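Novice: coordinates only, sequence not included:
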Ligand code: PBG
C-alpha cells in the first residue's frame, strides 16, 4: 500500500496525466509531421557528383541527377518541399555575381531536371548573391570613396539584381522564392519583378528576421560562400536586438511577403515566439548548418542521442511557432516519424 500525505498537505498532482504511456499520448499540443520539413540541397554542376560536406556529416554537394535521387528518397517519406542553394565554380564568380542571372546556372538546371523527373514536391529557391560573387558578399558592393565608413553591399543596386534573379528562378520552375540577403526593400522588389513577368501566383518566403550568426559557418563550407573580407553585420541583424525583429517582419508583410522566416532556429526561439504572438502570417524557422553540425558532432562522439535530440529540437521549433521548418534532418526526422 502506498503512503498517504499528512492530512492538510495540499498540492496539485500533474503527474496523474503522465501516469501511463497511453495517457501521455493524449492532449499533446505539438506534433511533428513530415510535411513540416523542408530539405536544403546544395547543387553543383556535373553528373554523378556526390561530394560530402566535411562539417555536415550526411550532407553532400550534389549534381542535378544526384539531387533527383535524394529527392525521390525524401518524397517517399512524406517530405513535400526542398530549398536549393547553388554551388558555383570559382571561375564563374565575378564581383557582380553575374552567374546568378544565367538561365543555365545550376539552380535553374536542377529545377528543370527535377520537374522533368516527375517529382512532385514544392521547389523553393534561395535568392541571394553570396554564392555567386567573387567577394562572397550578398550583393553588389558600394564604390570605395562613398560617404560610408565601411565598404558594404549597395542596397538599392542589389534590389534590381534580386528582381532579375527571382524571374530567372521563376522561369526555370521555382514554386516559392526565398530572398535571404537582408536587403531593405527586397520583398517589394522581388514582388514587383515577379508580377511584371506574370508570376503573380508565386509566393515569397522572406528571410525576414535573419541574425548575423556564427552558426552559419558549416553552410559557408557547403556553399563556398564565405565573405572574402569583413562580415555580414552591416546587413544581417544583431543578436542583441530583439524588438527590431518585429519591425523587419511587419515591413516584409507590408511589402507582400507570404511567409516569414526566423533564422537561426534554436538560439532565437524567443524571437520566433515574439513573431508568433504579433503577426498572423505563416512562419518558418531555419535550423541552420551549425545547429545540425553540433548535434552530429556530439552524436558521433557518443555524447548525445542523435535521434532524440533531433526530434526534441524540431519539436521546440514547432512549439515556439514555426509552421515550416527548414532542416538538414528532414529525411531522418520524417523517417523517424514513420518508424
Ligand atoms: C545565403 C544564406 C546563408 C544561409 C542560408 N542562406 C548564409 C549566410 O547568410 O551567410 C545559412 C544557412 C545555414 O547555415 O544552414 N545568404
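Specialist: It's in. Computed from a prediction, not measured in an experiment: that's the story for all the values here. Numbering: from 1, shown residues only.
Novice: Only C-alpha atoms from now on, for both contacts and neighbour counts.
Specialist: OK.
Novice: What parts of the stretch 101-250 of the chain come near the ligand?
Specialist: With C-alpha under 6 Å from any ligand atom as the criterion, the stretch 101-250 of the chain meets the ligand at residues 128, 130, 180, 181, 215, 216, 219.
Novice: For the fourth one, give me its contacts.
Specialist: Taking C-alpha atoms under 8 Å, 6 or more residues apart in numbering as the definition of contact, the neighbours of residue 181 are 127, 128, 129, 138, 139, 207, 235, 236.
Novice: Skip the chain neighbours and tell me the closest residue to the last one.
Specialist: Right, the one you point to is residue 236. residue 212 (4.9 Å; C-alpha to C-alpha, 6 or more residues apart in numbering).
Novice: Could you list the low-pLDDT ranges of the protein?
Specialist: Along the chain, the parts satisfying pLDDT under 70 run over 1, 146.
Novice: so which of the residues of the stretch 101-250 of the chain next to the ligand comes closest to the ligand?
Specialist: Checking these against the ligand with C-alpha to the nearest ligand atom, the nearest one is residue 216 at 3.4 Å.
Novice: what's the distance between that closest one and residue 28?
Specialist: Taking C-alpha to C-alpha, to the nearest Å as the measure, residue 216 falls 33 Å from residue 28.
Novice: Of those two, which one has the most company?
Specialist: Ranked by neighbour count (other C-alpha atoms under 10 Å), residue 216 and residue 28 place residue 216 first, with 16 against 8.
Novice: does that one sit in a helix, a strand or a coil?
Specialist: Here residue 216 is recorded as helix under DSSP: H, G, I helix; E, B strand; the rest coil.
Novice: what residues are up against it?
Specialist: Going by C-alpha under 8 Å, 6+ apart, the list of residues near residue 216 reads 288, 289, 290.
Novice: Of these, which is the most crowded?
Specialist: Going by other C-alpha under 10 Å, residue 289 tops the contacts of residue 216 with 24 neighbours.
Novice: Go ahead and confirm that residue touches residue 221.
Specialist: No - assessed by C-alpha atoms under 8 Å, residue 289 is found out of contact with residue 221, at 9.9 Å.
Novice: From the contacts of residue 216, which land in helices?
Specialist: Using DSSP state H, 289, 290 are the members of the contacts of residue 216 that sit in helices.
Novice: Output the contacts of residue 216 in TSV, with distance to residue 38 appended to each entry.
Specialist: Listed next are those as TSV, based on distance: C-alpha to C-alpha, whole Å:
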residue	distance to residue 38
288	12
289	14
290	17
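Novice: Show me where this protein has its strands.
Specialist: 37-43, 50-52, 60-62, 81-86, 122-127, 176-179, 205-210, 259-263, 283-287, 324-327 (DSSP state E).
Novice: could you pull out the helices for the protein?
Specialist: Counting by DSSP H, the helices of the chain are 21-24, 64-76, 106-116, 155-172, 186-196, 217-223, 244-254, 269-278, 289-300, 306-320, 330-338.
Novice: and the strands of the chain, which is most packed in?
Specialist: strand 205-210 (a mean of 28; mean count of other C-alpha atoms under 10 Å).
Novice: hmm, back to that, closest one to residue 123 among the helices of the chain?
Specialist: helix 106-116 (7.4 Å; C-alpha to C-alpha).
Novice: buried stuff in the closest one?
Specialist: Within helix 106-116, the residues that count as buried by 16 or more other C-alpha atoms under 10 Å are 106, 107, 108, 109, 110, 111, 112, 113, 114, 115.
Novice: which residues are in contact with that helix?
Specialist: Residues from elsewhere that reach helix 106-116 (C-alpha under 8 Å, 6+ apart): 43-45, 64-65, 67-68, 84-88, 123, 125, 168-169, 172-174.
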